[in-house]
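# structure of the sequence below:
(one chain, ligands or ions: 1)
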Amino acid sequence: MTTRILTGITTTGTPHLGNYAGAIRPAIVASRQSDFDSFYFLADYHALIKCDDPLRIQRSRLEIAATWLAAGLDVDRVTFYRQSDIPEIPELTWLLTCVAAKGLLNRAHAYKASVDKNVEGGEDPDAGITMGLYSYPVLMAADILMFNAHQVPVGRDQIQHVEMARDIGQRFNHLFGNGKEFFVMPEALIEESVATLPGLDGRKMSKSYDNTIPLFSAAKDMKGAISRIVTDSRAPGEAKDPDTSHLFTLYQAFSTAEQCAEFRSDLLQGLGWGEAKNRLFTLLDAQLSEPREKYLGLIERPADLEDILLAGAQKARRVATPFLEELREAVGLRSFRTVVQNADTGKKKATKGARFVSFREDDGSFRFRLLAADGEQLLLSRNFADGKAAGVVSKQLQQGGELDLRSEDDRFTLWLNGACVADSPVFADAATRDSAIETLKLALAPQQD
Ligand code: TRP
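Numbers count the residues shown, from 1 in each chain. As a prediction, the model looks like this:
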């Protein structure tokens with residue numbers, strides 16, 4: 001089975017070395033493995049929670065998109081998109097909001113930290129706190145659950161959010177699944193060695209501490225930042241302790257085991273901090289100068305970036321659109337045109353509650369599914385140019401009569417007036433296929449009272 005990996009990056013700043021080592025690089029490495037199916041996106045709706053500066057939002061989306069591509073993301077292998085290009089995400093957010101316990105969200109770290117700060121400052125606990133901040137984990141749950149991600153690479157500060165996604169997804173499954181698990185339970189994935197890089201001052205590298213090392217800005221800016229890394233006051237010639245030095249931690253995150261061992265032993269033998277900083281710069285520059293060139297090239301062609309991201313959104317929506325349709329159906333947001341078969345008159349178990357669900361594809365064509373009472377898909381129609389044609393076919397099916405079903409290996413098709421109108425799912429074997437045909441016949445047989 002392929003493992004689906006998904007992660008988002010909030011578009012409020014310019015990516016720094018910490019984002020690169022902690023999220024971007026491991027994500028790109030994972031995306032190259034053949035048994036992984038990766039979804040990476042710009043969390044630009046999340047950005048609006050933290051930032052009300054439109055120019056900064058726009059700039060950051062561009063920079064982050066260019067960063068991922070320059071760092072080696074292959075958009076043919078992965079699905080790369082902007083959250084805000086997927087209207088199914090806010091829609092799912094609402095479905096999830098309606099099952100998310102308020103008490104769960106009360107416990108979210110980011111929200112609690114803001115409340116604590118207000119209380120400390122003698123303010124109203126909710127001063128300046130938006131519903132966006134409060135509901136942040138629900139939006140994130142929608143990001144993850146929309147695509148049924150198995151693994152979510154994140155920093156430690158986000159583990160709680162992934163756990164909340166599980167909680168909320170589980171609750172939805174329980175309430176509406178009827179035994180079916182709509183949502184896969186996601187796991188947070190932490191790259192142990194480099195999960196959080198220290199910044200210049202030793203605290204977590206973060207824009208909010210203003211202690212970052214830039215990633216793709218000019219080499220001299222990177223050099224400048226490195227020169228500001230805080231060290232102890234030991235002079236050249238004095239032994240340094242690598243284990244308490246965040247300069248060493250940074251070096252370790254980018255070096256081979258061999259380079260790292262050498263650096264360690266040199267520090268123990270009295271390597272001066274100035275020289276140590278030069279070595280860190282040389283190490284980073286060797287790895288980043290080529291992607292830096294690529295990055296600058298991309299930033300100059302925003303229209304190309306736009307095309308790449310829109311193509312990514314289309315790819316993502318091929319998953320999101322039909323899945324959301326299923327979820328809307330599950331909660332009761334169903335077309336009035338849909339005939340709910342004999343919920344109370346049917347005697348045969350298989351037919352009870354079987355129903356047609358119509359939906360539209362991205363290309364504007366009309367289709368329908370026939371679902372059994374338990375939500376299992378019995379048939380998926382072919383595409384029809386207009387809703388009427390789809391309606392005629394589903395109506396004919398409901399009128400009963402002999403069905404023209406044609407079996408082929410692990411599937412079967414349904415024919416009407418000489419045209420194939422619908423396909424079955426793919427079955428494990430012929431016996432399962434045949435029993436599905438029986439279920440289908442029962443579901444479509446004329447009702448008796
Ligand atoms: N909240 C994440 C962060 O700040 C970004 C994010 C948004 C995300 N949606 C996500 C990460 C879904 C993983 C999965 O880092």
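
# any stretches of the stretch 301-449 of the chain with poor pLDDT?
For the stretch 301-449 of the chain, applying pLDDT under 70 flags the ranges 338-353, 446-449.

# and if we set it to 90?
334-365, 371-377, 385-404, 408-410, 416-419, 426-432, 435-436, 438-449 (pLDDT under 90).

# can you give me the helices in it?
Along the stretch 301-449 of the chain, counting by DSSP state H, counting those that start in this stretch, helices occupy 302-331, 387-398, 430-444.

# make a markdown table out of those and add distance to the ligand and mean neighbour count.
Every C-beta, even on glycine, is put in place using the N, C-alpha and C of the backbone. Below are the helices of the stretch 301-449 of the chain laid out as a markdown table (distance: least, Cβ to the nearest ligand atom, whole Å; neighbours: other Cβ atoms under 10 Å):
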| stretch | distance to the ligand | mean neighbour count |
| --- | --- | --- |
| helix 302-331 | 13 | 17 |
| helix 387-398 | 35 | 17 |
| helix 430-444 | 35 | 16 |
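
# got these as a markdown table, with distance to Y136 columns?
Listed next are those as a markdown table, based on distance: least, Cβ to Cβ, whole Å:
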| stretch | distance to Y136 |
| --- | --- |
| helix 302-331 | 20 |
| helix 387-398 | 38 |
| helix 430-444 | 42 |
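
# mind checking those helices for the one nearest to E361?
Proximity to E361 (Cβ to Cβ) singles out helix 302-331 among the helices of the stretch 301-449 of the chain, at 7.5 Å.

# which elements pack onto that closest one?
The helices and strands touching helix 302-331, judged by 3 or more Cβ pairs under 8 Å, 6 or more residues apart in numbering; DSSP states H and E, are strand 36-43, helix 54-70, strand 79-82, helix 88-97, helix 131-146, helix 159-176, strand 355-360.

# which of the residues in the last one are buried?
Residues of strand 355-360 classed as buried by neighbour count (16 or more other Cβ atoms under 10 Å): R355, F356, V357, S358, F359.

# any idea how far that strand is from the middle of the chain?
26 Å (Cα atoms, centre = their mean, to the nearest Å).

# that strand vs helix 302-331, what angle?
Going by axes from the mean of the first three to the mean of the last three Cα atoms, to 10 degrees, strand 355-360 is angled at 160 degrees with respect to helix 302-331.

# between the helices and strands packed on helix 302-331, which gets the lowest average pLDDT?
Of all those, mean pLDDT reaches its minimum on strand 355-360 (a mean of 85).

# which parts of this structure sit against the ligand?
Within reach of the ligand by Cβ under 6 Å from any ligand atom, the chain has these residues: L6, T7, G8, T10, A43, H46, M140, D143, I144, V152, V154, Q158.

# skipping adjacent residues, who's closest to the third one in space?
So the one you mean is G8. What sits nearest to G8 in space, not counting adjacent residues and going by Cβ to Cβ, 6 or more residues apart in numbering, is A43, at 3.7 Å.
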